[in-house]
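Peer 1: Sequence and predicted structure below; questions after.
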Amino acid sequence: MKRLFYHLVAGLVRVTNVFMFSRIEVRGLDRVSWDQPCIVSPNHQNAFLDALLIGVLAPGTLTFLSRASVFGTPFDWVFDALHMAPIYRRRDGLDKVAQNKAVFAEQREQLKDGDSVVMFSETEHAHTYYLRPLSRGSARLALTTQEEAEEEVQLVPVGINYYHLRRPGFKVSVVVGEPISVSTYMDRYRNDAPGAMNTLRDDLRDAMKDCLLVPNETDDYRERVDRINRKTEGLPFPEMKRALQTPENLDAKGEPRSGLLRLARGISLLNIVPMWGTRALMQWVDEPAFTASLKFAVGMFGLPVWWAVLFGVASWIGGITVGITVTALAVLTMLLRILLIRYASPPHRLE
């Protein structure tokens, strides 16, 4: 049952991706030997949306190490079906942190079997384009696994580059960097484990920065981010990264077009219930990094259910033809809403 649920969600994610993003650019998947142990380390900007993207783009089935605070609810069955495993932090209490030993032992066994694990190495998710400080968790897991494994363990840097962190309808570039061979760090690890972990973490940081459009918080950081917009989406990642070294040569996003934003809201009457639900969820969560993830979740689950209900009610009142017409209008106006927001140049709201 869980396996079926996993594949159902994966299919829904792939379909929703078509509507969520204007295009998905994927680079570097062929750099990785996916049949060997892989620890995938993406940057973390958009809560579970980051995991969903990696999960459907990378070959094979991945296990996702996630913060333990999301577990312990009626949704634990869902999390387990989606191959999520809890990781405890100091804020969860020292008794909880001690449980990580068993979690990491289980992940090492999976890695030795040739599976892949996704571990977000940044200490927190946040709406920043630049890379934030990394923890030593990925380096520690990689080195302790390599100590037990016969095959080469790969630490895989990944950069997720959203052209808008909160709004649908924009491009995303997912860039897989050159895998780091963990075995080359083992001689030092045997003599100086903390030093080897720090070196591997720092090398991973540098490799992840190579996969990001804006890797550092520079003086012109906001100017560079302003150039990440629909007008520059046509540039492939390597060209865009180079172009951002001189952002003044790229097209600026431009001022928001409030008229188009009002029109986008005005045509949403047939989708008012899922729109209201999304707004309520965002107020309840009140964490910016969840904004795009919640919109994605509503688009993946809420909209199909709403359109089915709309079709049923409209068909009951006016017949099948009316039901089809009303539902088609709801779908088309939602697509038009996304298009209008895209051309309205909504501002980047950074943390």
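Peer 2: Received it, and whenever you're ready, just let me know what you need.

Peer 1: The nearest residue to residue 140 once chain neighbours are set aside and residue 36, how far apart?
Peer 2: Leaving aside its chain neighbours, residue 140 sits nearest to residue 197 (5.6 Å; criterion: Cβ to Cβ, 6 or more residues apart in numbering). All C-beta atoms are positioned from the backbone trio N, CA, C, and that covers glycine. Residue 197 is 21 Å from residue 36, where distance means Cβ to Cβ, to the nearest Å.

Peer 1: do the same with residue 26
Peer 2: Counting by Cβ to Cβ, the separation of residue 26 from residue 36 is 20 Å.

Peer 1: Same check on residue 327?
Peer 2: Remark: distance between residue 327 and residue 36 (Cβ to Cβ) = 47 Å.

Peer 1: One more: residue 211?
Peer 2: Plainly put, residue 211 is 20 Å away from residue 36 if you go by Cβ to Cβ.

Peer 1: Please apply the same query to residue 44.
Peer 2: Residue 44 is 24 Å from residue 36, by Cβ to Cβ.

Peer 1: When the two are compared, which one has more neighbours?
Peer 2: Neighbour tally, residue 44 and residue 36, criterion other Cβ atoms under 10 Å: the higher count belongs to residue 44, 20 against 16.

Peer 1: part of a strand, is the more buried one?
Peer 2: No: going by DSSP: H, G, I helix; E, B strand; the rest coil, the assignment for residue 44 is coil, not a strand.

Peer 1: Find me the pLDDT at it, would you?
Peer 2: What the model reports for residue 44 is a pLDDT of 89.

Peer 1: Now the terminal residues of stretch 174-185, how far apart.
Peer 2: Taking Cα to Cα, to the nearest Å, stretch 174-185 runs 27 Å from one end to the other.

Peer 1: List the buried residues of it.
Peer 2: Residues of stretch 174-185 classed as buried by neighbour count (16 or more other Cβ atoms under 10 Å): 174, 175, 176, 177, 179, 180, 182, 185.

Peer 1: nearest spatial neighbour of the fourth one, skipping sequence neighbours?
Peer 2: Residue nearest to residue 177 in three dimensions, not counting chain neighbours: residue 157, with 3.8 Å by Cβ to Cβ, 6+ apart.

Peer 1: I'd guessed that neighbour sits against residue 211; true?
Peer 2: Yes: counting by Cβ atoms under 8 Å, residue 211 is a contact partner of residue 157 at 5.7 Å.

Peer 1: Between these two, which contacts overlap?
Peer 2: Counting by Cβ atoms under 8 Å, 6 or more residues apart in numbering, the common neighbours of residue 157 and residue 211 are 176, 177.

Peer 1: Can I get the longest strand seen in the chain in CSV, CA atoms only?
Peer 2: The longest strand of the chain (DSSP state E) is strand 154-162. This file holds the C-alpha atoms of strand 154-162, laid out as CSV (Å, rounded to 0.1, in the frame of the first residue of the first chain):
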residue,chain,number,x,y,z
GLN,A,154,29.6,9.6,-3.2
LEU,A,155,28.6,13.0,-1.6
VAL,A,156,26.6,14.7,-4.3
PRO,A,157,26.2,18.5,-4.3
VAL,A,158,23.0,19.9,-5.7
GLY,A,159,21.8,23.4,-6.3
ILE,A,160,18.1,24.3,-6.6
ASN,A,161,17.7,27.7,-8.2
TYR,A,162,14.1,29.1,-8.3
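
Peer 1: Give me the secondary structure label for residue 166.
Peer 2: Counting by three-state DSSP, the backbone at residue 166 sits in coil.

Peer 1: How much space separates the residue lying closest to residue 233 once chain neighbours are set aside from residue 111?
Peer 2: Leaving aside its sequence neighbours, residue 233 sits nearest to residue 171 (Cβ to Cβ, 6+ apart; 4.3 Å). According to Cβ to Cβ, residue 171 stands 32 Å off from residue 111.

Peer 1: So these two - more neighbours on which side?
Peer 2: residue 111 (26 against 21).

Peer 1: residue contacts, that one?
Peer 2: 37, 38, 39, 117, 141, 145, 149, 153.

Peer 1: One more pass at 10 Å, please.
Peer 2: By Cβ atoms under 10 Å, 6 or more residues apart in numbering, the residues touching residue 111 are 36-39, 63, 117, 141-142, 144-146, 148-149, 151, 153-154.

Peer 1: got it, and residue 126?
Peer 2: Residue 126 makes contact with 44, 45, 46, 132, 165, 287, 288, 289, 350, 351, according to Cβ under 10 Å, 6+ apart.

Peer 1: so it is in which element?
Peer 2: Under the criterion DSSP states H and E, no helix or strand holds residue 126.

Peer 1: Specify the residue ranges that define each domain of this protein.
Peer 2: As assigned by automatic domain parsing, the chain contains the domains 2-214, 258-343.

Peer 1: List the contacts of residue 102.
Peer 2: No contacts exist for residue 102 under Cβ under 10 Å, 6+ apart.

Peer 1: how near is it to residue 188?
Peer 2: Distance, residue 102 to residue 188, by Cβ to Cβ: 27 Å.

Peer 1: and what of residue 306?
Peer 2: Residue 306 is 56 Å from residue 188, by Cβ to Cβ.
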